[in-house]
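Q: sequence first, predicted coordinates after that:
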Amino acid sequence: QVQLVESGGGLVQAGDSLRLSCAASGGRFSDYILTWFRQAPGKEREFVAAITRFGANTHYSDSVKGRFTVSRDNTEKTAHLQMNSLKPEDTAIYYCAAEGRPRPIWIIPTVSDVDFWGQGTQVTVSD
């Protein structure tokens with residue numbers, strides 16, 4: 001059982017940066033692919049980024065590629081999502097998630113692939 005807690009969200013202007021953090025407790029953090037999802041009002045939860053168990057490989061949605069960077073520190077049991085050049089369309093609740101089943105990192109996961117979720121952190125980007 002892994003507990004995930006996100007932090008770092010907030011209200012920023014277009015073009016600004018934010019760094020989200022995901023702190024894990026319980027379980028063995030390195031057992032899990034760490035994935036970030038987001039959900040905007042009235043929309044389905046969507047994949048943002050993922051990082052393999054030991055951080056060797058990452059994958060991003062087309063909408064954030066080149067602007068967002070996912071990382072993890074298994075010793076500290078934390079993960080981060082560095083978000084640069086933010087746009088109003090990035091406004092959403094951001095969730096970190098742990099996937100226990102192996103998969104190629106380039107496959108887009110669905111919500112049903114996730115074993116554990118954080119509670120989410122709100123990111124709002126104004127014009």
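A: Ah, there it is.

Q: please, which helix or strand holds the residue nearest in space to the middle of the chain?
A: The chain has residue 36 as the residue nearest its centroid, 2.1 Å off, counting by Cα atoms, centre = their mean. When elements are assigned from DSSP states H and E, residue 36 belongs to strand 33-39.

Q: what is the neighbour count of residue 56?
A: Neighbourhood size, residue 56 [other Cβ atoms under 10 Å]: 8. For every residue, glycine as well, the C-beta is placed using N, CA and C.

Q: the chain: strands as residue ranges?
A: Secondary structure of the chain (DSSP state E): strands at 3-7, 10-13, 18-25, 33-39, 46-51, 58-60, 68-73, 78-83, 92-99, 116-117, 121-126.

Q: list the buried residues of stretch 101-108.
A: Buried residues in stretch 101-108, counted by 16 or more other Cβ atoms under 10 Å: residue 105.

Q: my bad, stretch 120-127
A: 120-121, 123, 125.

Q: try stretch 23-37
A: Residues of stretch 23-37 classed as buried: 23-24, 27, 29, 32-37 (neighbour count, 16+ other Cβ under 10 Å).

Q: gap between the two ends of that stretch?
A: Counting by Cα to Cα, to the nearest Å, you get 15 Å between the two ends of stretch 23-37.

Q: now it, how far from the centre of its chain.
A: 11 Å (Cα atoms, centre = their mean, to the nearest Å).

Q: quick one: residues in contact with it.
A: Stretch 23-37 is contacted by residues 1-5, 7, 20, 22, 45-54, 70, 72, 74, 77-79, 81, 94-100, 102-103, 105, 109, 111, 114-116 when judged by Cβ atoms under 8 Å, 6 or more residues apart in numbering.
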